[in-house]
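Peer 1: pasting the structure only:
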């Protein structure tokens, strides 16, 4: 929703996301996510500055292998102009930091993975959303 509480869209989650897919796309929204602590243990977000939620889901999926989505809206998310989640370019260094810190990729591999896996996946997702809205 926007700042005036007008609903501007609905995010439809994936039916299923696995560890490999999660490395390409943070497909779990932190606002409504749940996990079974009896199966994977109590997990905590890392102390990295940004994208720590994505890092947490990667660590959980490394243990349980797959997550499933619920196809009904569970919460509202307010989008504000100028927020960090609105500035995708500003998140680049933080995404690469997840690869380096959480996944323990060497720096070169982290940059290459971001450029040749994350970016193409992100652009394809945006293209599909645009195509579906026509």
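Peer 2: Perfect, I can see it now. Small disclaimer: the values here were computed from a predicted structure and weren't measured.

Peer 1: all helices of the protein, in order?
Peer 2: Taking DSSP state H as the criterion, the chain contains helices spanning 19-24, 37-40, 52-64, 92-101, 107-113, 119-132.

Peer 1: can I get these in TSV with distance to residue 3 and mean pLDDT?
Peer 2: C-betas here are computed from N, CA, C, even on glycine. Output for the helices of the chain, formatted as TSV (distance: least, Cβ to Cβ, whole Å; pLDDT from 0 to 100):
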stretch	distance to residue 3	mean pLDDT
helix 19-24	30	94
helix 37-40	35	92
helix 52-64	22	94
helix 92-101	24	94
helix 107-113	35	97
helix 119-132	23	88
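
Peer 1: contacts only, for residue 40.
Peer 2: Applying Cβ atoms under 8 Å, 6 or more residues apart in numbering, we find residue 40 in contact with 60, 63-64.

Peer 1: just the buried residues of those.
Peer 2: Applying a neighbour-count criterion of 16 or more other Cβ atoms under 10 Å, the buried members of those are residue 60.

Peer 1: circling back to that earlier point, out of the helices of the chain, nearest to residue 11?
Peer 2: Proximity of the helices of the chain to residue 11 was assessed by Cβ to Cβ; the nearest stretch is helix 119-132, lying at 10.2 Å.

Peer 1: need phi/psi at the residue nearest the centre of the chain.
Peer 2: Compute the mean C-alpha point of the chain, and by Cα atoms, centre = their mean the closest residue is residue 26, 1.9 Å away. The phi and psi torsions at residue 26 (degrees, to the nearest 10) take the values phi -70, psi 90.
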